[in-house]
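Engineer: Using only what follows, build the 3D model:
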Amino acid sequence: MPKATFLNLNAAKKEKISQVLLEEFSTYSLLDANVNHIVKAAGIARGSFYTYFTDLDDAYRYTLSQVMATIHEGFVGDNPFQATRSFIDQVEQNPYYAFLSNYYVVDEAILAAHHQETSSTNWDKATADLPQWLADVAVHHLIREYFLAPTDKEQILSLLDALAGWHKQEA
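Structural biologist: A predicted model of the protein is given here:
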């Protein structure tokens, strides 16, 4: 995540850099993104970039967290399958579409390979509320499947409809 120097920037400069990062990672995969592009577009020195972020992966993770926080704001209600269906149905118009496509098709695997992360599963939550945990896992998997195979959109939407019916029965 960003260093304190980035977090303490004035809002306008932080927003400018965040927008440049989003544009870079929407245009290029993590393998092809370039710090030189970022510093030039943001109007900052290369050294400043490294006072804000440890490396390109760090800047990417910050951008990913911002995108995911914004997207999750739209997932309200009791039925995650219906919210996911709406999201996938309209995703081509989403301003984060290119970023998400890069993430699911390329960058997710790169991040995992770079960091050999441990599981992010909260096993206590999974055990305490199994139907909700299963719903969360299913919708995230189906969103990933959409980006890997957009031509399967109708099958994914149909599966979400079936899961929505299952979820309603479980509630």
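Engineer: next SSE after the helix or strand bottoming out on mean pLDDT in the chain?
Structural biologist: When the helices and strands of the chain are scored by mean pLDDT, DSSP states H and E, helix 123-128 comes last with a mean of 71. Reading on from helix 123-128 to the C-terminus, the next helix or strand found by DSSP states H and E is helix 130-148.
Engineer: now for that next one, which elements pack on it?
Structural biologist: helix 80-90, helix 123-128, helix 153-170 (3 or more C-beta pairs under 8 Å, 6 or more residues apart in numbering; DSSP states H and E). C-beta: built from backbone N, CA, C; applies to glycine.
Engineer: Please enumerate residues in contact with stretch 63-82?
Structural biologist: Under the contact criterion C-beta atoms under 8 Å, 6 or more residues apart in numbering, stretch 63-82 has outside partners 1, 18, 21-22, 25, 83-84, 87, 94, 96, 99-100, 103, 107, 135-136, 138-139, 160-161, 163-164, 167-168, 171.
Engineer: What are the buried residues along that stretch?
Structural biologist: The neighbour-count check on stretch 63-82 (16 or more other C-beta atoms under 10 Å) flags Thr63, Leu64, Val67, Ile71, Asn79, Pro80, Phe81, Gln82 as buried.
Engineer: so where is the chain shaky, pLDDT-wise?
Structural biologist: Within the chain, the segments meeting pLDDT under 70 span 77-78, 115-122, 125-126, 167-171.
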